[in-house]
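Peer 1: give me the fold of what follows.
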Amino acid sequence: MQNLDELDKEISDIQDVLLECLEEKETLLRSNELASFVSNPGGQSKFFEQSNKYLRAVFSGNRFGKSTAGVVEDCCWLLGYRPFFPVGHPLRTLGIPKHGVKGLVIAATWDKVRDIFVREGDPAVDDRIGKFFTYLPAHTITARTRNQNSIVSSLEITSEIEGKVRKSLLVFDTVSSFLTKPVGKESSDWDFIHLDEPCPEPLWEAISRGLIDRNGKSWWLMTPITEPWMYYRATEQVIEKPDKYWVYEGDTDENLTLGEEEKENFFGTLTEEAKAARKSGRPLALSRLVIGNFNSKPVAEGGRVIKGTPLGWKNPFTPPDQHMIAVAVDTHPQTPHATLKVSVSPLGEVFIYNERFKKGAINGEKKGDDSICNWLKEAPEFSQMRYLLLEPGAWNEDQTTGRRFVDSFFEAKLDPLKGSKKRSENNILFDDLFGRKDRKVYVLEHCRVFLKEIRQWYFNKDDKAMDKNDHMMENFGRLLAHDDFQYYAPYDPNEVFDIPIMDSLDFGPSQDNTVDYNAI
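Peer 2: Numbers count the residues shown, from 1 in each chain. Okay, the predicted model is just below:
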């Protein structure tokens, strides 16, 4: 029978083995953190699905998971693949170069670099370890450098892809460093740039030049408290080149790990403007939008923007023959003239479908001239135009020539009407229209000036709508105030203009008038 000393030794040996197993388990878990990553449904998942884009911009609320998503993507580029997708999955390597990469991560300060990304420690006992040391398998980190404050400033990553050794480099920098010493930010080239915080426009212009030679990509993931230029730039680019740019506004609610009480404790103390930015991802500078009820997402996602050709249309610029057309023109002596076309269907649906924003003549001298009147009269749907509104200033005489802008329209045998000049009242109607669920109002995606203005038109500190970059907004407000987009049949010469005739319209035999604007 064993004596007590031998039994104690066996127990001690077993405890040592258990300890070694636990350490090995921790190491295995540590090395597989990236492989076991699961993205939140919504913005995080879509972020990885858009990996072939030149720029992916996520403007999100606090605790959305933006830093985690950015770091995970950084790690995947450094390793050469996304281990949380199985072999053969199209997203496993989408957008990632086969060769080793050189990446740049920009944070606000070096303290943020340390606390969020590269805080060192034992993952078995420290739950505050930096995200890169959490997600990068430990054996792939083959070198690291530090700055003068002993904070990790770069990492060398070594991986193996298809039997070949792949070396990559990750460099950290900060907005504060740029503000202190702007020179020297243009000397490197990059395969990818990850912005974790808003940055000054000159900083982005300096570092983004480094993406050119390597055909690099970038991702911005941030809560948009400052630097509104980033939101403007990204939303403009995604309209112009949707194949290269992607923008997402993410809400904190997408993070399924947060409790309702935890969110209420924080967001319940904020103003509506701050809450819009810190919870819903709306830039603080835009949190007081004049048309705050406008949802700029595609119709398929519950928004108001139609991509491609609406069902039943000939093309995106030509509505069906039974639609009524209303037009407004905002004339200017110096800046470009703004012309907006709106189509109204017999079912009462409203489509902002075409626009013109350019300098030039109002009425050309011959057919085909590049003028507003020819642009209107030579359009295939011209005969469907019910009315044309001009801004009241078009009736003002030029003191030198004695002419008025409206005279050119009369000479073109058009019969313009004077639009409303009640700017504030029109804006209230405008915002209310997009807030009503019973009104089907849509904007076709190629109306870029309209979309740009409505996304950036906000109240100033005196609670007045900014009097700039609002030409299409003025046009639409006047059209809306004119008759609330009442429908009149284009070809009925007997109807009286101010009498609604919707109930008397005969569409022929019973039919399904359901229009599917999600069919993009």
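Peer 1: what number of residues lie near S150?
Peer 2: A count of neighbours around S150, defined by other CB atoms under 10 Å, yields 9. In this view, the C-beta of every residue, glycine as well, is placed from N, C-alpha and C.
Peer 1: name the SS class of it, please.
Peer 2: What DSSP: H, G, I helix; E, B strand; the rest coil gives for S150 is coil.
Peer 1: return the backbone torsion pair for it.
Peer 2: Per-residue torsions, S150: phi 60, psi 20 (degrees, to the nearest 10).
Peer 1: I'd like the distance between it and Y458.
Peer 2: Taking CB to CB, to the nearest Å as the measure, S150 and Y458 are separated by 44 Å.
Peer 1: got a list of contacts for stretch 476-487?
Peer 2: Residues from elsewhere that reach stretch 476-487 (CB atoms under 8 Å, 6 or more residues apart in numbering): 324, 326, 328, 340, 342, 344-346, 348, 350, 352, 387, 389, 391, 417, 419-420, 422-423, 425-427, 429-430, 433, 450, 498, 500-502.
Peer 1: can you say which of the residues you listed are buried?
Peer 2: Buried members of these, counted by 16 or more other CB atoms under 10 Å: 324, 326, 328, 340, 342, 344-346, 350, 352, 387, 389, 391, 419-420, 423, 426-427, 430, 433, 450.
Peer 1: now, those that are in strands?
Peer 2: Of the positions in the buried ones among the contacts of stretch 476-487, M324, A326, A328, L340, V342, V344, V350, I352, Y387, L389 sit in strands, assigned by DSSP state E.
Peer 1: separation between the second one and I96?
Peer 2: If I follow you right, that is A326. From A326 to I96 the distance is 49 Å (CB to CB).
Peer 1: check the first one too.
Peer 2: With distances defined as CB to CB, the gap from M324 to I96 amounts to 51 Å.
Peer 1: do the third one as well
Peer 2: The gap separating A328 from I96 is 48 Å, by CB to CB.
Peer 1: tell me the centre residue of the chain?
Peer 2: In the chain, the centroid-proximal residue (CA atoms, centre = their mean) is V247; its distance is 3.0 Å.
Peer 1: which helix or which strand is home to that one?
Peer 2: V247 belongs to strand 245-250 when elements are defined using DSSP states H and E.
Peer 1: tell me what that strand is packed against?
Peer 2: When contacts are defined as 3 or more CB pairs under 8 Å, 6 or more residues apart in numbering; DSSP states H and E, strand 245-250 packs onto helix 43-49, strand 55-60, helix 229-240.
Peer 1: could you pull out the buried residues of the first one?
Peer 2: Yep, that's helix 43-49 we're talking about. By 16+ other CB under 10 Å, the buried positions in helix 43-49 come out as G43, Q44, F47, F48.
Peer 1: equivalent analysis for the last one, please.
Peer 2: Of the residues in helix 229-240, those buried under the neighbour-count criterion (16+ other CB under 10 Å) are M230, Y231, Y232, R233, A234, T235, E236, Q237, V238, I239.
Peer 1: give me the contact list for that helix.
Peer 2: Here helix 229-240 makes contact (CB under 8 Å, 6+ apart) with 55, 57, 59, 198-199, 201, 204, 220, 222, 224, 244-247, 283, 285-286, 296, 445, 448, 451-452, 455-456.
Peer 1: residue ranges of the strands in the stretch 51-200 of the chain, please?
Peer 2: For the stretch 51-200 of the chain, strands defined by DSSP state E, counting those that start in this stretch occupy the ranges 55-60, 102-107, 141-146, 152-161, 164-174, 192-195.
Peer 1: pick the most buried one from those.
Peer 2: Ranked by mean neighbour count, the strands of the stretch 51-200 of the chain are led by strand 55-60 with a mean of 26 (mean count of other CB atoms under 10 Å).
Peer 1: what packs against that one?
Peer 2: Packed against strand 55-60 by the contact rule (3+ CB pairs under 8 Å, 6+ apart) you find helix 43-49, helix 66-79, strand 217-222, helix 229-240, strand 245-250.
Peer 1: in CSV, list the strands of the stretch 51-200 of the chain along with mean pLDDT.
Peer 2: Conversion of those to CSV gives the following (pLDDT from 0 to 100):
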stretch, mean pLDDT
strand 55-60, 92
strand 102-107, 96
strand 141-146, 96
strand 152-161, 95
strand 164-174, 95
strand 192-195, 97
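Peer 1: want to throw the ones you listed into TSV with distance to G477?
Peer 2: TSV is the format used below for those (distance: least, CB to CB, whole Å):
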stretch	distance to G477
strand 55-60	27
strand 102-107	40
strand 141-146	58
strand 152-161	53
strand 164-174	44
strand 192-195	36
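Peer 1: for those, which one sits closest to T335?
Peer 2: Across the strands of the stretch 51-200 of the chain, T335 has its closest neighbour in strand 55-60 (29.2 Å, CB to CB).
Peer 1: strand 245-250 and that closest one, what's the angle between them?
Peer 2: Orientation check (axes from the mean of the first three to the mean of the last three CA atoms, to 10 degrees): strand 55-60 against strand 245-250 gives 10 degrees.
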